[in-house]
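Trainee: Starting from these lines, generate the structure:
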Amino acid sequence: MRILQKWKSPCLHLLGVVFCALAGPALAQLQDENLLAPMPEGFKSATQQVQGGVVFQEWIPSGESLANWSEMVTIQILLGKKDIDGGRYLGGIRSEWLKACPETRPNAVTAGRTNGYPNWSMDLQCPRLANTGKPETTLFRSFQGRDSFYSVQRSARAVPDGAQRAKMAAYIESVTVCDTRSSAHPCPDLKRPGSK
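Mentor: Model prediction:
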């Protein structure tokens with residue numbers, strides 16, 4: 001299992017899990033099931049860990065900290081958990097969010113298919129979180145994979161204008177999962193330009 005992050009640095013092995021941030025179009029060939037989640041331009045890795053069967057990463061803009069960030073991408077992979085209902089998973093997140101911010105207008109979880117995988121999306125916006133005193137908007141997308149369950153979210157500590165919201169939505173829509181073992185879930189060709 002690999003997470004394809006960004007096309008600029010080599011793969012990092014973290015406790016047996018491979019995170020690939022590829023150079024040029026790609027330095028590493030994909031194998032088995034892969035989360036394709038590009039690191040946004042100008043972001044850096046702030047947290048990465050594998051614990052209790054969960055892979056967890058947070059990316060924030062360069063120059064910011066986990067204590068004071070303006071945007072964040074969060075990735076969670078529940079290793080081996082291939083039978084999770086993504087609608088219930090995001091519904092649970094929505095319930096916890098509403099406890100932390102009752103002023104949130106609850107949005108529905110929508111279901112779809114991407115690259116042959118069932119996936120679910122949701123967005124939530126809090127006008128003011130009690131623990132930060134700031135607004136927060138988060139777009140979520142989760143995938144039920146053949147090997148694991150994948151969840152990606154992009155957050156902004158703001159009420160985004162139309163352009164920022166469109167950028168967040170385009171990012172979430174760009175995330176996908178592929179599997180080199182299955183023609184039903186094809187992976188992109190990651191060969192370097194000019195290579196055979």
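
Trainee: What segments of this protein are helices?
Mentor: Taking DSSP state H as the criterion, the chain carries its helices at 86-100, 162-174.

Trainee: Chain neighbours aside, what residue packs nearest to Cys187?
Mentor: Closest residue in space to Cys187, ignoring its immediate chain neighbours: Cys178 at 3.7 Å, by Cβ to Cβ, 6 or more residues apart in numbering. Every C-beta, even on glycine, is put in place using the N, C-alpha and C of the backbone.

Trainee: Tell me how far the residue most central in space within the chain lies from Arg128.
Mentor: Residue closest to the mean C-alpha point of the chain, counted by Cα atoms, centre = their mean, is Val152 at 2.3 Å. Separation of Val152 from Arg128 (Cβ to Cβ, to the nearest Å) stands at 25 Å.

Trainee: cool, Val55 as well?
Mentor: Val55 is 31 Å from Arg128, where distance means Cβ to Cβ.

Trainee: Run through the strands of the protein in chain order.
Mentor: 2-4, 12-14, 17-20, 33-36, 43-51, 54-61, 71-79, 110-114, 117-126, 136-144, 148-156, 176-179 (DSSP state E).

Trainee: can you redo those strands as TSV with mean pLDDT?
Mentor: Output for the strands of the chain, formatted as TSV (pLDDT from 0 to 100):
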stretch	mean pLDDT
strand 2-4	46
strand 12-14	38
strand 17-20	40
strand 33-36	92
strand 43-51	93
strand 54-61	95
strand 71-79	96
strand 110-114	96
strand 117-126	96
strand 136-144	96
strand 148-156	96
strand 176-179	94
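
Trainee: what's the closest of these to Lys99?
Mentor: Closest approach to Lys99 among those is made by strand 117-126 (11.2 Å; Cβ to Cβ).
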